[in-house]
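Chemist: with the input below, show me the fold.
(one chain, ligands or ions: 1)
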Amino acid sequence: MPNTPSRRYKTVLLFGAPGAGKGTQGKILGKVPGFYHLACGDVFRSLDMGSELGSKFMEYSSRGELVPDALTIEMWRQNMHAQTVLSIYKPNVDLLVLDGIPRNVNQAKHLEKYLEVLTVLHLVCPDIEAMVTRMRRRALKENRVDDADEKVIRKRFDVYANETKPVLDFYPKEIVQEVNAMGSPAEVLQHVLEVVVRIQNEHFRNPLA
Ligand code: ADP
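Modeler: I've put the predicted structure just below:
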């Protein structure tokens, strides 16, 4: 793991309320050479649900709550280590696009020693009902228990407002970039690309150019 400032992972954080489209945009970016996308929720969902960590994830996520920080950070750290060892993620070449982590200020503090956060890309969607609709659609498509129940969805919005939103104030204002998340996926992608391509050009030499 990198721990000196210069070896920290160069990172863009995808930030936004549940259903704002972080996963959709992150997955697209992850397909582009030079970007590596990791969604914390996807790592949790890929666990063996019979394992201790898997059952902890089920316990908390089915209530719409956050998994405890120590477990989350350790799982994330191990996953990043594995991706790096296997050269699936190449820190010198790829801009890391993180989605779903950090989800509270304590996690943000713990990640400081691993991440050089270049931009916090805040997907702004003021229309909660539009996000709830997206999540209901996702529940059907992806078979997600935490998206199926209205009460759990509302709880996740509360957790976002109380625990996750304050993360925005943890980072310097200059690196927080707001992007309107209300358009179609392609429209939102256009705005996202404007931000991340600039960051990539500033921080990486392009071996493909
Ligand atoms: P969404 O994109 O709708 O916010 P995610 O897939 O990111 O959903 O997360 C689903 C659930 O996984 C969360 O509600 C939470 O229980 C758990 N989870 C994901 N990331 C974290 C994290 N960084 N810390 C704690 N719990 C997390």
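Chemist: shouldn't residue 183 be within a helix?
Modeler: No: per DSSP: H, G, I helix; E, B strand; the rest coil, residue 183 lies outside any helix segment and is coil.
Chemist: which residues are in contact with it?
Modeler: Residue 183 is in contact with residue 191, counting by CB atoms under 8 Å, 6 or more residues apart in numbering. Bear in mind the C-beta positions are built from the backbone N, C-alpha and C, glycine included.
Chemist: what values do phi and psi take at it?
Modeler: Note on residue 183: its backbone torsions stand at phi -80, psi -170 [degrees, to the nearest 10].
Chemist: that one and the ligand: what is the separation?
Modeler: 18 Å (CB to the nearest ligand atom, to the nearest Å).
Chemist: gap between that residue and residue 54?
Modeler: Residue 183 sits at a distance of 36 Å from residue 54 (criterion: CB to CB, to the nearest Å).
Chemist: are we agreed that residue 48 is in a helix?
Modeler: No: counting by three-state DSSP, residue 48 falls outside a helix, being coil.
Chemist: how many neighbours does it have?
Modeler: 9 (other CB atoms under 10 Å).
Chemist: ok, and the closest non-adjacent residue to it?
Modeler: Counting by CB to CB, 6 or more residues apart in numbering, residue 48 lies nearest to residue 54, which is 5.1 Å off, once chain neighbours are set aside.
Chemist: wasn't the one you found part of a helix?
Modeler: Yes: with three-state DSSP as the criterion, residue 54 is located in a helix.
Chemist: show me where pLDDT drops low in this structure?
Modeler: 1-6, 206-209 (pLDDT under 70).
Chemist: for the ligand, what's the nearest residue on it?
Modeler: Residue nearest to the ligand within the chain (CB to the nearest ligand atom): residue 41, separated by 2.0 Å.
Chemist: how about residue 175: what's its closest non-neighbour residue?
Modeler: Nearest in space to residue 175, with sequence neighbours left out and distances taken as CB to CB, 6+ apart, is residue 119 at 5.4 Å.
Chemist: got the contact list for that neighbour?
Modeler: By CB under 8 Å, 6+ apart, the neighbours of residue 119 are 12-13, 175-177, 195-196, 199.
Chemist: quick one: secondary structure of it?
Modeler: strand.
Chemist: what's the answer for residue 36, then?
Modeler: strand.
Chemist: wouldn't it be in contact with residue 83 here?
Modeler: Yes: counting by CB atoms under 8 Å, residue 36 does reach residue 83; the two are 7.4 Å apart.
Chemist: torsion angles phi and psi at residue 96?
Modeler: Here the main-chain torsion angles of residue 96 (degrees, to the nearest 10) amount to phi -80, psi 130.
Chemist: hang on, the earlier thing: for the residue of the chain closest to the ligand, the count of nearby residues, please.
Modeler: 19.
Chemist: likewise for residue 14?
Modeler: Per other CB under 10 Å, the neighbour tally for residue 14 reads 27.
Chemist: please name every helix or strand in contact with the one helix or strand it maps to.
Modeler: In this structure, residue 14 sits in strand 9-15 according to DSSP states H and E. The helices and strands touching strand 9-15, judged by 3 or more CB pairs under 8 Å, 6 or more residues apart in numbering; DSSP states H and E, are helix 22-30, strand 95-99, strand 115-124, helix 185-203.
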